[in-house]
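**Student:** Next comes the sequence, and after it the predicted model I'd like to discuss.
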Amino acid sequence: MKSKLFLLLLLTCFYAFGQDYRSTIAQAEQLYNIKNYAKSTSKYKEAFTIEQKNSNDYYNAACSAALSGKKDLAFEWLNQALKNGWTNLQHMKSDTDLKTLHTDKKWDKLIAAIQQEIDKGAVGIDKPLQAELIAIYNDDQTIRQHYMTALKEFGNQSKQADSIAKIMGYKDSINLIKVKDILDKRGWVGPNKVGAQANMTLFLVIQHSDLETQQKYLPMMREAVKNKNAQSSALALLEDRVALGEGKKQIYGSQIGYDSKTTKNYVLPLEDPDNVDHRREEVGLGPISEYVKTWDIVWNVEEYKLMLSEIEKQKKKTN
C-alpha cells in the first residue's frame with residue numbers, strides 16, 4: 001500500500017507541477033496583452049524556474065523582455081527558443097516587438113544561427129509546398145489581425161469590422177480550395193516535410209472552414225496527431241468546433257460566444273465543466289480561467305453550471 005500511495009502522490013505532484021507552469025505562462029501572456037511588459041517578463045521568469053523546454057514560450061517571453069527594455073534577457077530567451085527548436089526566422093524578422101534588438105550585434109549572430117538550423121533541417125523539405133503554405137498562412141493571419149484591430153477600435157457590430165469580415169470570408173474561401181487540394185493529394189503533411197509554420201497552416205485553414213469540411217478532415221487530423229504531424233492542442237480546437245457544429249457540447253472550452261444584448265462574451269456549451277482543466281492539460285492547453293481572460297471573462301465553474309441551460313438555449317437561437 002505504501003508504494004502505491006507514494007506513486008499516486010508523485011503523479012499528483014507532477015500534474016500540479018505542469019498545471020503551475022501553464023498557469024504562470026497564461027498569466028504572463030495576459031499581462032503582455034494588457035501591455036504590462038515588465039510584469040509579464042517577471043511572470044515568464046517565474047515560469048522558467050519550473051520548466052525550460054517550450055520554444056514558443058521562450059520566444060513570447062523574449063518579446064515581453066524586449067518591450068520592457070531588457071535586451072540581454074530578450075536575447076537569452078531567443079537563444080533558448082532556438083535551442084528548443086524555434087526557427088521561424090521570417091516571423092522573427094518582421095515582429096515589431098523585437099525592433100529594439102535589430103541594432104544590437106547579437107541580432108545578426110542570432111539570425112545567422114537560426115538560418116544555420118534552418119539549413120540543417122532543410123533536408124527532405126518540400127520547399128515549393130512550404131512556400132505555398134507559408135503564403136497562405138500570412139494571408140490567413142494578416143486579415144485576422146486587421147479584423148481584431150477593427151473589433152477593438154470600433155466594436156463587434158461596427159461597419160468597419162463587418163467590412164473586414166466579408167474580405168476575410170472571401171480570402172478564406174480561396175485558401176480553403178488550395179489547402180483541400182493539398183490534403184486530398186498529399187495528406188496531412190508534417191513539419192518534417194514543410195516546417196512547423198507551413199504545417200500549422202493546414203489546421204488554421206480547416207479550422208476556419210464550414211462544418212462539412214471540418215467533419216471531413218477531422219479524422220485525418222486525428223491520425224496526423226498520432227503520427228506527430230499535427231499538434232494535439234490544435235486538434236482540441238477543431239474537436240470543439242465540430243462538436244458545437246453538430247449540436248453537441250464542446251470538450252475543451254476553446255470556443256467563445258458573444259451576446260449582442262449584454263455585449264459580453266461567454267464560453268459556449270461545455271461538457272463536464274468541473275474537469276475541463278484536466279482535459280486541457282492532457283492536450284497541452286493552459287487553465288480555462290486564464291484562457292478566457294482574453295475575452296474579459298471571469299471563470300467561475302459553479303456560476304457557469306447554473307447558466308449552462310440558458311447558454312444552450314442561446315446557442316440554439318443563433319444556429
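**Tutor:** Received it, and whenever you're ready, just let me know what you need.

**Student:** tell me the domain boundaries of the protein?
**Tutor:** Using automatic domain parsing, the domain parsing of the chain gives 2-121, 125-230, 247-319.

**Student:** Residue 236: which of those domains is closest?
**Tutor:** For those, the distance to residue 236 is smallest for domain 247-319, at 4.4 Å, taking Cβ to Cβ. In this view, the C-beta of every residue, glycine as well, is placed from N, C-alpha and C.

**Student:** The stretch 201-319 of the chain: strands as residue ranges?
**Tutor:** Counting by DSSP state E, counting those that start in this stretch, the stretch 201-319 of the chain has these strands, from start to end: 256-259, 264-267.

**Student:** List the buried residues of the last one.
**Tutor:** Okay, so that is strand 264-267. Neighbour counts over strand 264-267 (16 or more other Cβ atoms under 10 Å) mark 265, 266, 267 as buried.

**Student:** which among these gets closest to residue 124?
**Tutor:** Of all the buried residues of strand 264-267, residue 267 has the smallest distance to residue 124: 41.5 Å, by Cβ to Cβ.

**Student:** With adjacent residues omitted, what lies nearest to that closest one?
**Tutor:** residue 253 (5.4 Å; Cβ to Cβ, 6 or more residues apart in numbering).

**Student:** need the contact list for that neighbour.
**Tutor:** By Cβ atoms under 8 Å, 6 or more residues apart in numbering, residue 253 lies in contact with 240, 267, 270, 273, 276, 280, 288, 291, 292.

**Student:** Mind giving me the packing neighbours of the helix or strand containing residue 146?
**Tutor:** Using DSSP states H and E, residue 146 maps to helix 127-154. Identification of packing neighbours for helix 127-154 by 3 or more Cβ pairs under 8 Å, 6 or more residues apart in numbering; DSSP states H and E yields helix 159-186, helix 191-194, helix 196-207.

**Student:** Buried deepest among these, which one?
**Tutor:** Of all those, helix 196-207 has the most neighbours on average by mean count of other Cβ atoms under 10 Å, namely a mean of 22.

**Student:** Check the offset of it from the chain's centre.
**Tutor:** Computed by Cα atoms, centre = their mean, to the nearest Å, the separation of helix 196-207 from the middle of its chain amounts to 11 Å.

**Student:** Over to stretch 256-263?
**Tutor:** With Cα atoms, centre = their mean, you get 23 Å for stretch 256-263.

**Student:** mind listing what's buried in it?
**Tutor:** By neighbour count with 16+ other Cβ under 10 Å, stretch 256-263 contains the buried residues residue 257.

**Student:** Now do it: distance from first to last residue.
**Tutor:** 13 Å (Cα to Cα, to the nearest Å).

**Student:** where does the protein have low pLDDT?
**Tutor:** 1-19, 121-123, 315-319 (pLDDT under 70).

**Student:** Geometrically speaking, which residue is the centre of it?
**Tutor:** Residue closest to the average C-alpha location in the chain (Cα atoms, centre = their mean): residue 234, at 7.2 Å.

**Student:** Now do the same contact list for that residue.
**Tutor:** When the contact criterion is Cβ under 8 Å, 6+ apart, the partners of residue 234 are 200, 203, 207, 221.

**Student:** Can you add distance to residue 139 and give those residues back as a markdown table?
**Tutor:** Converted to a markdown table, the contacts of residue 234 look like this (distance: Cβ to Cβ, whole Å):
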| residue | distance to residue 139 |
| --- | --- |
| 200 | 14 |
| 203 | 15 |
| 207 | 15 |
| 221 | 21 |
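
**Student:** Could you single out the nearest of the residues you listed to residue 146?
**Tutor:** Of all those, residue 146 sits closest to residue 207, with 18.2 Å by Cβ to Cβ.

**Student:** do you know how far residue 69 is from residue 309?
**Tutor:** Computed as Cβ to Cβ, to the nearest Å, the residue 69 to residue 309 distance reads 50 Å.
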